[in-house]
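Colleague: below are the sequence and a predicted model; questions follow.
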Amino acid sequence: MRKIILASTSPYRQQLLRQLGLPFEVAAPDYIEEIDPHVAPALLVRHLALGKAQSLVIRYPDALIIGSDQVFVDQRKRTMGKAGNLQAAFQQLKHMVGRTHCFYTGLAIVDSRSGVVQTDYETFSVSFRELSDDQILNYLQREKAFDCAGSFKIEGLGIALMGKMAGDDYNTLIGLPLIKLVSMLEMSGVDVLGY
């Protein structure tokens, strides 16, 4: 079987990829993420995911390299990424409460041997409950989700922020749309269920 490389140091993406039961290696992409708010989110996340995967082609000349990235779009159609610190995360969540937002997760597979590239994306919507400033601050102090798009971890206490969620693949919200990834891996010759 071909070597599979996950172009991400995200523990969330690693945990999701482990669910497929395939052997893989993790490598930090040599790529700087730049969120351009003027680029359509579907195009932006595909571009970011591809950039991460392509940054490892020279280091892994005979592998399937998986890249993924995520942004969220608020009701005002603003594209946002990771907050990075407590103050920015608080402002981000304060703006999000009581509203519905759409997360876009891009996915790319680069076959470094053949040069074949696949990119796609998935969306997932979340509606936040009404929350007080104290609830937001308590959440952020407990979970410290500053490295996540949207400043929450849905796989943890972040579920308590939600009123409703909608989408085809819950894993999209965590950062790696596994249903789409399985199809893309099959197109690259990897049968997840036949391994």
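Modeller: Received, thanks.
Colleague: tell me where the chain has helices.
Modeller: Using DSSP state H, the helices of the chain run over 11-18, 41-54, 86-96, 133-143, 171-174, 178-187.
Colleague: so of the ones you listed, which one's packed in deepest?
Modeller: helix 171-174 (a mean of 25; mean count of other CB atoms under 10 Å). All C-beta spots, glycine's among them, are computed from the backbone N, C-alpha and C.
Colleague: neighbouring contacts of that one?
Modeller: Where contact means CB atoms under 8 Å, 6 or more residues apart in numbering, the residues beyond helix 171-174 that reach it are 12-13, 16, 103, 105, 122-124, 126, 154-155, 165, 167, 177-179.
Colleague: got it, and stretch 30-47?
Modeller: With contact meaning CB under 8 Å, 6+ apart, stretch 30-47 is reached by 7, 48, 51-52, 54-56, 69-71, 73, 78-81, 102, 104-108, 119-121, 123.
Colleague: center of this protein, which residue is that?
Modeller: residue 175 (2.6 Å; CA atoms, centre = their mean).
Colleague: my read: that one touches residue 16, true?
Modeller: Yes. Proximity of residue 175 to residue 16 meets the contact threshold set by CB atoms under 8 Å, at 7.0 Å.
Colleague: the bottom helix or strand of the chain by mean pLDDT?
Modeller: Ranked by mean pLDDT, DSSP states H and E, the weakest helix or strand in the chain is strand 79-80, scoring a mean of 72.
Colleague: sheet partners, orientation included, of that one?
Modeller: Sheet pairing of strand 79-80 (DSSP bridges) gives strand 63-73 (antiparallel).
Colleague: off-centre distance for the partner strand?
Modeller: Relative to the chain's own centre, strand 63-73 is displaced by 6 Å; criterion: CA atoms, centre = their mean, to the nearest Å.
Colleague: what's near enough to touch residue 127?
Modeller: 99, 100, 101, 162, 163, 164, 165.
Colleague: to clarify, my last question referred to residue 48.
Modeller: Counting by CB under 8 Å, 6+ apart, residue 48 touches 31, 33, 67, 69, 71, 106.
Colleague: check what pLDDT it gets.
Modeller: Listed pLDDT for residue 48 reads 96.
Colleague: how close does the residue lying closest to it once chain neighbours are set aside get to residue 49?
Modeller: In space, and not counting its chain neighbours, residue 48 is closest to residue 69: 3.7 Å by CB to CB, 6 or more residues apart in numbering. Distance from residue 69 to residue 49, counting by CB to CB, to the nearest Å: 5 Å.
Colleague: what touches both of those two?
Modeller: Contacts common to residue 69 and residue 49, judged by CB under 8 Å, 6+ apart, are residue 106.
Colleague: alright, that wraps it up for me.
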